[in-house]
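Q: give me the fold of what follows.
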Amino acid sequence: MRIILLGPPGSGKGTQAQRLIERYGIVQLSTGEMLRAAVAAGTPVGLKAKEIMAGGGLVPDDVVVGIIADRIEQPDAKKGFILDGFPRTVPQAEALDELLKHRRLKLDAVIELRVNESALLDRVETRVAQMRERGEEIRVDDTPEVLTKRLASYRSQTEPLIHYYSERRKLSTVDGMMTIDEVTRAIHRLLLALGAVEPKNHAKSAQAKFKDKTAAKAGPAKPGAKKAAKTAKNSAKAAKKSGKAKKASGGAKKAAKKTVRRIAKKGPKKGPKKVTKKRAKR
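A: Numbers count the residues shown, from 1 in each chain. You can find the predicted model right below:
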């Protein structure tokens, strides 16, 4: 399963990505983390990125795509991944398409979390006001002013991706203004409809989780529980055998009664006739 989540800052992408990771066992590929890891590992692409970043420049798309190409080859990404922070522009999306095509992989879903920007600003303003009342420290990037700038950046750079993936019939939209649980359920339904999730496997997984929870609630088995269960099982087998024996015995009794009735009606079978002296002489 390979997914891209789109949506403006504050739309809940991070929360939903974490839920997808936990539910389906896939990994989240963050471009920032991948860049730092590549630099630390000293890979050819990482060394190139390190040189660019040291000079204060932005890492070009081909370098980022190279880092993603290395990352998706790692074992933990074989089951699937969510791309976080990439692509941000149409050229990056085109580069990603080429990479996946070259690796013979397909993008299963591009999910847009659509939200009301004015509602997002209201949320931030309310949260900031509450934090001030409680005397808590307010993060620099968690203010209405910063969010307004980030939303403008999203509209100019990333929003064109919605049109790009819509044209390629890859885009699905979810109402990001619903509750967190409702958004999670809507995403799952989309993945089922797109064939990114197998219903049977998911049902088995859910059943296994339910059994685990039930066992956890029940607690560890008591020392004599296994012995009692075994005794009950043996008793059931014995009862079954006894039932069969009784059935067979009952059948034999019925057969004997039938024979007695027949003899009573017809009388005993006659033995061979005695040969008289006259017939013997003849």
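
Q: what are the ranges of the strands in the stretch 51-200 of the chain?
A: Shown for the stretch 51-200 of the chain, the strands assigned by DSSP state E, counting those that start in this stretch span residues 81-84, 109-114, 171-175.

Q: got a markdown table for those strands, with mean pLDDT, distance to Lys13 and mean neighbour count too?
A: Backbone N, C-alpha and C define where each C-beta goes, glycine included. Output for the strands of the stretch 51-200 of the chain, formatted as a markdown table (pLDDT from 0 to 100; distance: least, Cβ to Cβ, whole Å; neighbours: other Cβ atoms under 10 Å):
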| stretch | mean pLDDT | distance to Lys13 | mean neighbour count |
| --- | --- | --- | --- |
| strand 81-84 | 88 | 7 | 21 |
| strand 109-114 | 93 | 6 | 22 |
| strand 171-175 | 94 | 11 | 18 |
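
Q: of all those, which one is nearest Ala152?
A: Nearest of the strands of the stretch 51-200 of the chain to Ala152, taken as Cβ to Cβ: strand 109-114 at 17.4 Å.

Q: how far out from the middle of the chain is that closest one?
A: Strand 109-114 sits 18 Å away from the centroid of its parent chain (Cα atoms, centre = their mean, to the nearest Å).

Q: list the helices and strands that strand packs on?
A: Packing contacts for strand 109-114, counted by 3 or more Cβ pairs under 8 Å, 6 or more residues apart in numbering; DSSP states H and E, involve strand 2-6, helix 160-167, strand 171-175, helix 180-194.

Q: which strands border that strand, and is each parallel or antiparallel?
A: Sheet pairing of strand 109-114 (DSSP bridges) gives strand 2-6 (parallel), strand 171-175 (parallel).

Q: can you tell me how far Pro45 is from Pro60?
A: Slight slip there: residue 45 is Val, not Pro. 11 Å (Cβ to Cβ, to the nearest Å).
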